[in-house]
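1. just to be clear, the model below is a prediction. Sequence and coordinates:
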Amino acid sequence: MPSDGEPAVFPVQAAPQCILCPICFGKTYRHDKTLRRFRHSYAWHIGTLWIELEVRRQRCKNCNYTFTYDYDLGLVRSSTLAYRLQIVDHCHGRAISDVAREFGLPYTTVERWFYTYAPK
Ligand SMILES: [Zn+2]
């Protein structure tokens, strides 16, 4: 349990997997990695739940294309797609400014997410 305002961070380790090049579908190798934290969910009485995982830069052995592999989590800046959709869900029938305040997010961020995902 987090205390003293420390964020609730859950380390995540991905199983080894074969990551293919999105351009030519060739085999890739890990070129670089960075340990990063992403907002992933929200729980009452705890607050934002973060995941911490190794984000990999992969390079294609065939065409040299280098890309960030995001495990299909929709990683953008410091959030996962699941988190952004959860926040947008909270916006229905409420002012975006209320939601932004409640979740401790910048208004412009919540607004951008709302207009990106709400139409869907
Ligand atoms: Zn390739």
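-> That came through, no problem. Residues are numbered from 1 along each chain as shown.

2. got the contact list for the longest strand along the chain?
-> Longest strand in the chain, counting residues (DSSP state E): strand 28-43. The contact list for strand 28-43, computed with C-beta atoms under 8 Å, 6 or more residues apart in numbering, reads 7-10, 19-21, 48-61, 66, 73, 75, 78-80, 82-83, 86-87, 103. C-beta here means a position set from N, CA and C on the backbone, and glycine is covered the same way.

3. how does it look with 7 Å?
-> The contact list for strand 28-43 (C-beta atoms under 7 Å, 6 or more residues apart in numbering) reads 9, 19-21, 48-61, 66, 75, 78-80, 82-83, 86, 103.

4. for it, which positions count as buried?
-> Across strand 28-43, burial judged by 16 or more other C-beta atoms under 10 Å covers 28, 38-40, 42.

5. for Gly93, state which of those is nearest.
-> Closest approach between the buried residues of strand 28-43 and Gly93, by C-beta to C-beta: Tyr42, at 17.9 Å.

6. show me what the closest one is bridged to.
-> Thr48 (DSSP bridges).

7. how much space separates it from Lys120?
-> Plainly put, Tyr42 is 20 Å away from Lys120 if you go by C-beta to C-beta, to the nearest Å.

8. near the ion, which residues of this protein?
-> Neighbours of the ion within the chain, by C-beta under 5 Å from the ion: 21, 23-24, 26, 60, 62-63, 65.

9. buried subset of those?
-> Neighbour-count burial (16+ other C-beta under 10 Å) applied to the residues of the chain next to the ion gives 21, 60.
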